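Chemist: predicted model follows, preceded by the sequence.
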Amino acid sequence: MTFAELKHLHSLPLFDLIQRAREVHVSHWRDRKVQLCTLLSIKTGGCSEDCAYCSQSARYETEIERQPLMERDEVMRHARAARAGGSTRFCMGAAWKGVRGGTERFEQVLDIVREVSTLGMEVCVTLGELGAEEAKQLREAGVTAYNHNLDTSPEHYPNIVTSHTYEDRLRTIRHVQDAGMSVCCGGILGLGETIDDRLRMLEVISNFNPQPESVPINSLMPMPGTPLAENPQVDPFDLVRMIACTRIAVPMAKVRLSAGRTRLSEGIQALCFFAGANSIFYGEKLLTAGNPEMEDDRRLLARLGLDTLEADPSLEAPAGDPHRPPSPFMREAGSACC
């Protein structure tokens, strides 16, 4: 979608916007199921990046305790517990700038992925920047989806991160797509951005070809010690609007109600589901931030008459539209690396 189209959508009265989003949602997702995903930090803290929202950056004085890369058996213990609790996607995150093939830590990650992939869940990882060869090896090891959020608009991004560029993010996403993995790509509300920044980010995401398989929409959880520690809470109705716009702009994606749910009432969460959210992070923690209790989530879904989506470990990446021109944003990223 274009920025102008998204701007028009976002400016609609809230109920009109939700009604349009609901129509799109029902036409593509008839089964009323929500995907349960568990996110585990397999390497915590000590990251060289300077993302202003992140307590894991080594550049800030935060309360996060650094932890080296988990051993495979420990990760498997968490993965089995996630499966037993009902999760169908297991996501693993590591706090570093990126991975390089042939290194010991990358080989460890590949070994972990191979083991987790035997459990019958979808396997997602977020490891920072990827080259083409690293992306191929992750796919061969059993990764079904790679998370790499854009966070915000190209224009606002330099105010949030200076240790890498927006083009670096797009280049990694291109490598993920070329390797045959699904892309999980969304953003964070509450970074000091404008409404236009949010819609510009969504414009970029909606123009991926193929579009992302999942789009997480996060609300900032301000972390003590980070530059954004004093940022105000996101207005819950702004979040609902963004969920609705995302559903319309990326109709086939799972729209994930992600970080910040601990601050949302059950009523607002229900409104998000009605407007098009059909995936949540499920479990006690999101990397370093708290998350609603599993039983609370199960109870809410049951009260809303929502079921849970089955795992698809053989998940195929969405196919691109051959009749649609390549994303101009991806072309720009491609030219930057050549």
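Modeler: Arrived safely. Residues are numbered from 1 along each chain as shown.
Chemist: where along the chain do the strands fall?
Modeler: 33-43, 89-94, 122-126, 145-147, 182-184, 187-189, 214-219, 254-257, 279-281, 285-286, 289-290, 307-308 (DSSP state E).
Chemist: redo those as TSV? Include mean neighbour count, mean pLDDT and distance to residue 297.
Modeler: (Each C-beta comes from the backbone N, C-alpha and C, glycine too.) Output for the strands of the chain, formatted as TSV (neighbours: other C-beta atoms under 10 Å; pLDDT from 0 to 100; distance: least, C-beta to C-beta, whole Å):
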stretch	mean neighbour count	mean pLDDT	distance to residue 297
strand 33-43	23	93	8
strand 89-94	25	93	14
strand 122-126	25	95	18
strand 145-147	25	96	20
strand 182-184	26	96	20
strand 187-189	25	97	21
strand 214-219	25	96	16
strand 254-257	26	96	10
strand 279-281	25	91	7
strand 285-286	18	52	13
strand 289-290	15	52	13
strand 307-308	14	92	10
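Chemist: will you turn those strands into a markdown table that also has distance to residue 198?
Modeler: Converted to a markdown table, the strands of the chain look like this (distance: least, C-beta to C-beta, whole Å):
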| stretch | distance to residue 198 |
| --- | --- |
| strand 33-43 | 23 |
| strand 89-94 | 23 |
| strand 122-126 | 21 |
| strand 145-147 | 19 |
| strand 182-184 | 18 |
| strand 187-189 | 7 |
| strand 214-219 | 10 |
| strand 254-257 | 14 |
| strand 279-281 | 19 |
| strand 285-286 | 20 |
| strand 289-290 | 20 |
| strand 307-308 | 29 |
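Chemist: residue 316 is nearest to which of those strands?
Modeler: Comparison of the strands of the chain against residue 316 by C-beta to C-beta identifies strand 182-184 as nearest, at 7.9 Å.
Chemist: need the residues that contact that closest one.
Modeler: 124, 126, 144-148, 173, 176-177, 208, 210, 212-216, 256, 315-318 (C-beta atoms under 8 Å, 6 or more residues apart in numbering).
Chemist: off-centre distance for it?
Modeler: 9 Å (C-alpha atoms, centre = their mean, to the nearest Å).
Chemist: go on, stretch 44-62?
Modeler: So, by C-alpha atoms, centre = their mean, the centroid of stretch 44-62 is 19 Å from its chain's centroid.
Chemist: mind saving the C-alpha coords of it as CSV?
Modeler: What follows is stretch 44-62, C-alpha atoms only, in CSV (Å, rounded to 0.1, in the frame of the first residue of the first chain):
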residue,chain,number,x,y,z
THR,A,44,21.4,-12.1,26.8
GLY,A,45,23.1,-8.7,27.1
GLY,A,46,26.5,-7.4,26.0
CYS,A,47,25.2,-6.4,22.6
SER,A,48,27.5,-4.0,20.7
GLU,A,49,24.5,-2.2,19.0
ASP,A,50,23.1,1.1,20.4
CYS,A,51,19.3,0.5,19.9
ALA,A,52,17.9,3.2,22.2
TYR,A,53,15.1,1.0,23.5
CYS,A,54,17.1,-2.0,24.3
SER,A,55,18.3,-3.0,27.8
GLN,A,56,20.7,-5.5,26.3
SER,A,57,23.0,-2.9,24.7
ALA,A,58,26.5,-2.9,26.3
ARG,A,59,26.5,0.9,25.8
TYR,A,60,23.9,1.5,28.6
GLU,A,61,23.9,0.9,32.3
THR,A,62,20.9,-1.3,32.8
